[in-house]
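**Q** dropping the sequence and predicted coords here.
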Amino acid sequence: MTQTLIACHECDLLHRVQPLPKKSKARCRRCGALLYVHFPKTIDRSLALAITGLVLLVIANIYPFLSLESQGTVLETTLITGTIILSQQSMAGVAILVLLTSMLIPCILLGALVYVLWPMKLGHRLPANRRAFRLALTLRPWSMTEIFLLGILVSVVKLSKMATIIPGTALFSFLALVFVLAAVNTFLVPITIWEKMDEWR
Amino acid sequence: MAMTRVHVDPTAARSGLFNCHGCSLLVRRPSVVGRVHVRCPRCGALLHLRKPNSIARTWALLIAAIIFYIPANLLPVTITTYLGSTQPDTIMSGVIFFMQTGSWGIALIIFVASIVVPIAKLIALSGLLLSVQRRSRWRPEERTRLYRIMELVGRWSMLDVFVVTVLVALVRLGYLTTIEAGSGVVYFAAVVVITMIATMTFDPRLIWDALEKNDESPAH
């Protein structure tokens, strides 16, 4: 790390940046907030995970998501079905919110990371890469795939007495995506990426 | 002893530095007086010593969330039709359904995510705002931790919105049973989004500013 001082985002206390052992975290000595982490190969790992995540997202949208079997008939749904039905029931706002948090935001987040990290690995940069990276960081709390997954679990339990629910390929892909996004959050060390961007100035 | 330590603690604001919320770069504050918009030279984010109008914005959002919270709980979130008879369900009756059918784990998850977390968030955020406005010196570390927990768990309240989405997708017309979304879900989704934004507009550094020796809090 080239930056010598860092301020805590939660209590503003200044700290001198010290080298950390691998996979460890530095916390604020006054309020305990996370200051910075040291994860080796953050660019390589985050990039690999982001590409994987995008592929999983495509698979999750192509294949059937959940099927409901009742009285001999099977009703197939895809990831986007809920959004479509909600908008048909004049719930456009909620439909957009669900579409954003479960699909579009994860997609934009991963896309922005690939846009920044892939050229970075190859040693060049694309226009507006700083803005793209800032966008990815801002969007993080709004990517809610893990909550959506828990929502599926709750719904399946609720319907289990009424019908048989058959998981589709897309569901497994979505499950994997949840883990990939969690891993991106762990491996991505924003300060390292920002400092790498500074080197080109 | 704790008091003397607090006084010497150097903060970014006291040292005339902006702590960029986008990339954590410390930027020297220009000595120009008045409202100047300074952007971070590294990531381009607008720089502030503290989040702008944090208290007023957070209060406004919080009050909006409290108002929306009432229809969110009184109006049905799902309307189930079975053989011509309709049954509206609110968030609470959904929890009761799981309790009656013996799914205690699921009942608990929904109860915590849809009822405990939103209420706790509304109370905690009001408490934090009041404590900051009264320049309270009471347990700043614990109050900061409370804020951190709120930031982490608040988004899980979206659970019920997703449950409704999956239910309406799976149980549709053409079958004996249909589930439709009720208007309560609109208000509930609004509460979740508004409280998430309210948590983001609150600046936890204000908790610590009250501990500073001189009573001038740094300007934006």
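**A** On my side now, so go ahead. A quick note: this is a predicted structure, and the numbers were derived from the prediction, not measured. Numbering: from 1, shown residues only, chains lettered A, B, ... in the order given.
**Q** what's near enough to touch the residue of chain B found nearest chain A?
**A** Minimum separation of chain B from chain A (C-beta to the nearest C-beta) falls at residue B:162, amounting to 2.9 Å. (C-beta placed from N, C-alpha, C; glycine too.) Contacts here follow C-beta atoms under 8 Å, 6 or more residues apart in numbering or on different chains; on that basis residue B:162 touches A:98, A:102, A:144, A:147, A:148, A:150, A:151, A:152.
**Q** out of the residues you listed, who's nearest chain B?
**A** residue A:151 (2.9 Å).
**Q** OK, contacts around residue 101?
**A** I went with chain A, as the question did not name one. A:142, A:143, A:144, A:147, A:148, B:158.
**Q** was after chain B, sorry
**A** Residue B:101 touches residue A:161, counting by C-beta under 8 Å, 6+ apart.
**Q** next, count neighbours for the spatially closest residue to residue A:141 that is not a sequence neighbour.
**A** Counting by C-beta to C-beta, 6 or more residues apart in numbering or on different chains, residue A:141 lies nearest to residue B:155, which is 6.0 Å off, once chain neighbours are set aside. Neighbours of residue B:155 under the rule other C-beta atoms under 10 Å in any protein chain shown: 22.
**Q** check which helix or strand the residue of chain B closest to chain A maps to.
**A** Using DSSP states H and E, residue B:162 sits within helix B:159-170.
**Q** residue B:93 too?
**A** Short version, using DSSP H and E: residue B:93 is in helix B:91-100.
**Q** that helix near chain A at all?
**A** Yes: applying C-beta under 8 Å from any C-beta of the partner chain, one finds helix B:91-100 in contact with chain A at B:97, B:98.
**Q** now that helix against helix B:159-170, angle please.
**A** 80 degrees (axes from the mean of the first three to the mean of the last three C-alpha atoms, to 10 degrees).
**Q** longest helix in chain A, please.
**A** helix A:42-62 (DSSP state H).
**Q** helix or strand right after that one?
**A** Next along from helix A:42-62, by DSSP H and E: strand A:66-70.
**Q** that next one: how far from the chain's middle?
**A** 28 Å (C-alpha atoms, centre = their mean, to the nearest Å).
**Q** could you see whether chain B lies near it?
**A** Yes: counting by C-beta under 8 Å from any C-beta, chain B has neighbours in strand A:66-70: A:66, A:68, A:70.
**Q** now do the contacts for the residue nearest to the first one when sequence neighbours are not counted.
**A** Closest residue to residue A:66 in three dimensions, ignoring its sequence neighbours and counting by C-beta to C-beta, 6+ apart: residue A:77, at 5.3 Å. The neighbourhood of residue A:77, defined by C-beta under 8 Å, 6+ apart, consists of A:64, A:65, A:66, A:67, A:68, B:169, B:170.
**Q** okay if I get those as TSV plus pLDDT and neighbour count?
**A** TSV is the format used below for those (pLDDT from 0 to 100; neighbours: other C-beta atoms under 10 Å in any protein chain shown):
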residue	pLDDT	neighbour count
A:64	91	17
A:65	93	25
A:66	90	24
A:67	89	17
A:68	87	21
B:169	91	24
B:170	89	27
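**Q** ok so, going back, what about whichever helix or strand comes after the helix holding residue B:93, average pLDDT?
**A** Sequence order places helix B:104-110 as the next helix or strand after helix B:91-100, per DSSP H and E. Averaged across helix B:104-110, pLDDT comes to 92.
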